[in-house]
Every structure is written in structure tokens, then in C-alpha cells.
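Q: sequence first, then the predicted structure:
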Amino acid sequence: MRSTWRFAGTLVVLLLVAPSARARDGAGPLSPVALATAERLRDQAIGGSGAIDLVRSLTTEVGPRLAGSPGDAAAVAWGLRTMTALGLANVHSEPVKVPHWVRGEERAAIVQPYPQPVAVLALGGSVGTPAGGVEAEVVRVESLAALDRLDAAQVRGRIVFFDVKTRRARDVEGYAEAVPVRGGGASAAALKGAVAVVIRSIGTDHNRLPHTGGVRYADGVARIPAAALSIPDADLLAAEVATGKPVRLHLELGARELPEADSANVVGEVPGGAAAAEIVLLGCHLDSWDPGTGALDDAAGCAIVLETARQLRALPQPPRRTVRVVLFANEEHGLSGGRAYAAAHRDEAGRTVVAAEADLGAGRIWQVYGPRGDAAAPAMAAIARLLAPLGIEHAADRDDGEGADLIPLRDLGVPTVSLVHDASDYFDYHHTANDTADKVDPKSLGQCVAAYLGLTAAVADSGMMFRAPARR
């Protein structure tokens with residue numbers, strides 16, 4: 001396999017340097033020296049890296065990191081000391097105000113026709129139930145559109161059960177199809193007079209472990225309790241509804257919202273050389289939901305970008321451009337860190353060459369895409385060729401990258417590139433108590449680091465340019 005990489009690397013040299021080589025500090029896509037460095041870093045990371053130790057450190061020393069919690073503060077401290085220990089420069093925190101939601105005690109049970117306890121988690125940001133909980137008849141729907149078709153009389157005073165299955169997929173499309181009921185179901189049901197909402201967990205597993213995630217209440221609409229059932233318990237509830245007998249559910253949520261809390265983005269850099277004012281930004285989010293230890297979501301992402309920066313920092317000569325790593329605060333519950341960073345660094349948007357965020361677990365990266373158009377085409381083609389030996393394909397028909405924390409930067413015109421992980425089993429663990437460090441495969445994580453190193457080294461040590469797509 002290693003000989004295959006060497007052959008592929010030689011081919012990449014020919015493709016990227018011909019017909020004429022550019023100087024190391026020139027404006028061309030890649031010089032021979034920069035290309036050789038990117039290839040070497042890419043291939044070395046396949047053999048192993050320190051990323052898995054970073055995952056274990058964050059999940060062991062800090063654990064759950066819900067915004068506003070003691071774990072959140074501990075995570076900021078972890079980020080500062082870890083960046084310093086890895087040799088990054090300009091390490092500092094930037095203040096961010098975050099919501100402070102507390103889960104509290106929670107339980108649920110089917111009380112008729114066939115009494116059964118069920119496993120439940122409040123959705124993040126949900127209001128709590130009154131003391132003693134709520135109990136009501138259940139009305140089952142298979143989508144937001146199906147709820148919309150019901151008369152208010154069929155919903156009023158009831159608990160709406162959104163029974164929407166998540167399709168397993170290599171990318172995030174199955175999740176994207178199912179997740180709207182989590183964010184918008186509570187307000188849609190409240191408009192028709194429902195007293196609470198439960199959803200089939202947005203996940204692809206068969207464990208009796210619910211998946212949490214954020215609820216978004218619409219302005220001017222009554223806020224009703226919202227929770228997720230484990231997938232087996234959603235099957236159970238659906239089976240009881242299918243009997244045709246009235247089904248009643250009892251739900252108790254101790255959730256409550258406290259005043260906003262102080263948190264921070266954590267920032268560190270690999271300072272650049274000849275073009276140090278130009279920034280290549282790597283991001284992840286430092287917070288996590290509370291049931292597990294946030295290993296896949298997003299300790300793995302933090303480990304990928306931190307290890308990438310560490311290896312670039314260890315080079316005998318710095319890259320032309322500055323590589324900046326940002327561990328964003330509170331992605332899960334409102335993008336507070338992403339918004340705060342964009343506001344504080346608005347004047348740097350024009351010289352942020354490109355940004356990428358690692359936030360889809362630790363599965364092998366299989367696809368790359370970024371801005372389209374004549375200006376970005378040479379850079380994207382060069383990146384695609386560099387990453388091809390890792391089994392990564394270029395999705396040339398996709399436009400601009402992803403990463404929730406980068407949305408505010410994209411709105412400022414910053415181009416983004418996405419390295420897409422294989423998410424085939426990611427949503428088995430996402431937002432559950434099962435999101436723990438043992439789910440992170442070191443070999444797959446090494447491939448992820450290799451991809452980020454290849455991308456970052458190439459862009460940081462070249463004159464590659466991108467253009468953010470025009471926004472309407």
C-alpha cells in the first residue's frame with residue numbers, strides 16, 4: 001500500500017507542477033517543495049498520529065461539555081493548556097456568552113392501554129413539565145406535513161408523537177431528512193394546542209438510548225415540553241397506537257433555563273512566513289451534549305485540527321500563511337461561538353483564504369468539495385489530486401463547504417472547503433450516552449488527520465486562492 005502512495009505522489013507532482021514550477025513563495029497552486037511537504041505529512045499521518053490521545057484526553061479529563069456547565073468551563077481550560085502544550089502560538093480565549101440550560105430529572109411511561117416505562121431525553125432547550133408531569137392521549141404523525149393536515153381538534157390537549165425514521169446513509173442526507181421534526185415539531189404542535197411533543201430519536205441505531213439535540217421554539221408560540229424516545233421505545237409506542245386503542249403517555253421533564261453564562265472560543269496559531277497576514281482557518285466545536293462524553297461529536301474533530309496544527313508547527317520552516325485553529329463555543333445549542341468569532345474578526349474576512357471544520361465524527365474521509373467557479377477551480381483540482389491517494393473523491397458538483405460554526409463566516413464571504421467523513425454509523429451514537437471514546441477508531445482517525453494535513457499544508461504553503469459563491 002505504501003508503494004502505491006509513493007507512485008500516486010509522483011503522479012501528483014507531475015500534475016501539479018507541470019508545465020512550469022513556481023517559486024515557493026509565489027502565487028502558483030503549489031511549488032515542488034510545498035507539494036513534497038504536503039505529501040509527506042499526508043502519508044506519515046496514515047501510519048499514526050497523536051490525535052487519538054487528544055480524544056482520550058478531552059473525554060477523560062473533561063467529559064460532557066454542555067454550554068454553560070462546569071464541563072464547559074473545564075473544556076475551555078483544557079483547550080488553552082492543550083494548545084500551549086502542542087506548541088501553538090498566540091494561544092488565547094475570546095469571551096462568548098452562551099445559554100445555560102439544565103436537563104434535570106426526566107422520565108416517561110405509557111400508562112394505557114399496556115403500561116410500560118420508556119427511555120426518554122429532553123431535547124436541548126426544552127421547557128420542563130409542570131410538577132408531577134403531564135399525562136395525555138397520544139396522537140401519532142409521520143411528518144410535519146402530516147401534522148399540518150390534522151384539524152386542531154385532533155391535536156388539542158394531546159401529546160404529539162412524531163414517528164419519523166432516520167435513513168442510514170454515508171453522508172448526512174438521511175439525518176437532514178429527519179431532523180426538522182426535532183427543531184420545529186414542538187412549535188408546530190403547540191399551534192394546534194398540543195400539551196407536549198415526543199419524537200422518535202433522530203438516529204440509526206437500535207439501542208435503548210435516546211438521542212438528544214436542540215429544539216427551536218418559534219417566537220410568539222407557546223413553549224411546550226419536547227423529548228426524544230429511544231428508537232426501541234418509539235417502536236413500542238407505535239405498536240400500542242397501532243392497536244387502535246387510546247394510548248396515554250406520562251411525561252416528566254425537570255428542564256429549566258438559567259441566565260446566560262460565560263464561555264469562550266479557544267484560539268491558537270501556527271504563524272506564517274512570507275504571507276503571514278493571510279489566514280487558513282481550521283475549526284471544531286469544543287462543547288457537547290451531556291448524555292455521553294462527546295467523543296465523536298466533537299472531540300474527534302478537535303483532535304483532528306489540533307494534531308494538524310501540531311504537525312505543521314513542528315516543521316523546520318513555517319508555511320507562508322498563518323494557520324489558525326478555533327475551538328468554537330456552543331455549536332450544539334445555538335452557534336454562539338461561531339457568531340462571536342465572525343463578529344470579532346469581521347475585518348479579517350477578506351484575508352481568510354479558506355476555512356474548514358471537522359464536525360462529523362471520525363469515520364474515514366471519502367469526499368471533498370468546496371467553492372465552484374473559475375477562480376476556485378485550480379485550487380480545488382489541486383486539492384482533489386493531492387487527496388485522491390487517501391481514497392477521497394472530489395464532489396465537483398457541490399458548491400462551497402459545510403460546518404455549522406462557519407455559517408457566519410460564509411455570510412461574510414469566507415470560502416469554505418468540506419472534508420466529508422463516512423457517516424454510515426455516526427448517527428448510531430450521535431447525541432447519545434454511547435458517544436464515548438471507544439467509538440473512535442485510531443486508524444480511521446489517522447486517515448482524517450492525513451486529509452486535513454494534506455489540505456492545510458497545501459493551502460498554507462502556496463498561493464492558492466478561492467472565491468466564496470455570491471449570496472442572494
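A: Done, it's in.
Q: roughly how far does residue 62 sit from residue 76?
A: Note on residue 62: its distance to residue 76, by Cβ to Cβ, to the nearest Å, is 9 Å. (Each C-beta comes from the backbone N, C-alpha and C, glycine too.)
Q: check residue 333 too.
A: Relative to residue 76, and taking Cβ to Cβ, residue 333 is found at 16 Å.
Q: how about residue 153?
A: 50 Å.
Q: which of the two has more neighbours?
A: residue 76 (22 against 9; other Cβ atoms under 10 Å).
Q: what's the offset of the helix or strand that one falls within from the middle of its chain?
A: Residue 76 belongs to helix 70-85 when assigned by DSSP states H and E. Its chain's average C-alpha position is 19 Å from that of helix 70-85, according to Cα atoms, centre = their mean, to the nearest Å.
Q: flag every buried residue along it.
A: 71, 72, 73, 74, 75, 76, 78, 79, 80, 82, 83 (16 or more other Cβ atoms under 10 Å).
Q: neighbours of the closest residue to the first one other than its chain neighbours, how many?
A: Distance criterion Cβ to Cβ, 6 or more residues apart in numbering; nearest residue to residue 71, sequence neighbours excluded, is residue 65 at 4.5 Å. Other residues lying near residue 65 total 30 when counted by other Cβ under 10 Å.
Q: touching, residue 65 and residue 285? I think so.
A: No. Taking Cβ atoms under 8 Å as the definition, residue 65 is not a contact partner of residue 285, at 9.2 Å.
Q: so residue 128 touches residue 257, yeah?
A: No. With contacts counted by Cβ under 8 Å, residue 128 stays clear of residue 257, the gap being 9.2 Å.
Q: the two: which is more packed in?
A: With neighbours defined as other Cβ under 10 Å, residue 128 and residue 257 compare such that residue 128 has more, 19 against 15.
Q: contacting residues for that one?
A: By Cβ atoms under 8 Å, 6 or more residues apart in numbering, the contact set of residue 128 is 104, 122, 225, 253, 254, 255, 256.
Q: if we use 10 Å, what do you get?
A: Contact analysis of residue 128 by Cβ atoms under 10 Å, 6 or more residues apart in numbering lists 102-106, 122, 225, 252-257.
Q: in strands only, show me the residues you listed.
A: 102, 106, 122, 252, 253, 256, 257 (DSSP state E).
Q: quick check: the farthest pair among those?
A: Spanning the widest gap among the ones in strands among the contacts of residue 128 are 252 and 257, at 17.3 Å by Cβ to Cβ.
Q: low pLDDT regions in this protein?
A: 1-29, 467-472 (pLDDT under 70).
Q: for the spatially most central residue of it, phi and psi?
A: For the chain, the residue nearest the mean C-alpha position is residue 359 (3.1 Å; Cα atoms, centre = their mean). With angles defined as degrees, to the nearest 10, residue 359 sits at phi -160, psi 50.
Q: do the same with residue 100
A: Per degrees, to the nearest 10, the backbone of residue 100 is at phi -130, psi 90.
Q: pretty sure it sits against residue 72.
A: Yes. Counting by Cβ atoms under 10 Å, residue 72 is a contact partner of residue 100 at 8.9 Å.
Q: overlap in contacts of the two?
A: 66, 261, 262, 263.
Q: so who does the closest residue to residue 52 other than its chain neighbours touch?
A: Counting by Cβ to Cβ, 6+ apart, residue 52 lies nearest to residue 442, which is 4.3 Å off, once chain neighbours are set aside. Neighbouring residues of residue 442 by Cβ under 10 Å, 6+ apart: 48, 49, 51, 52, 53, 55, 362.
Q: same question for residue 323.
A: 88, 268-272, 279-282, 305, 308-309, 312-313, 456-457, 459-461.
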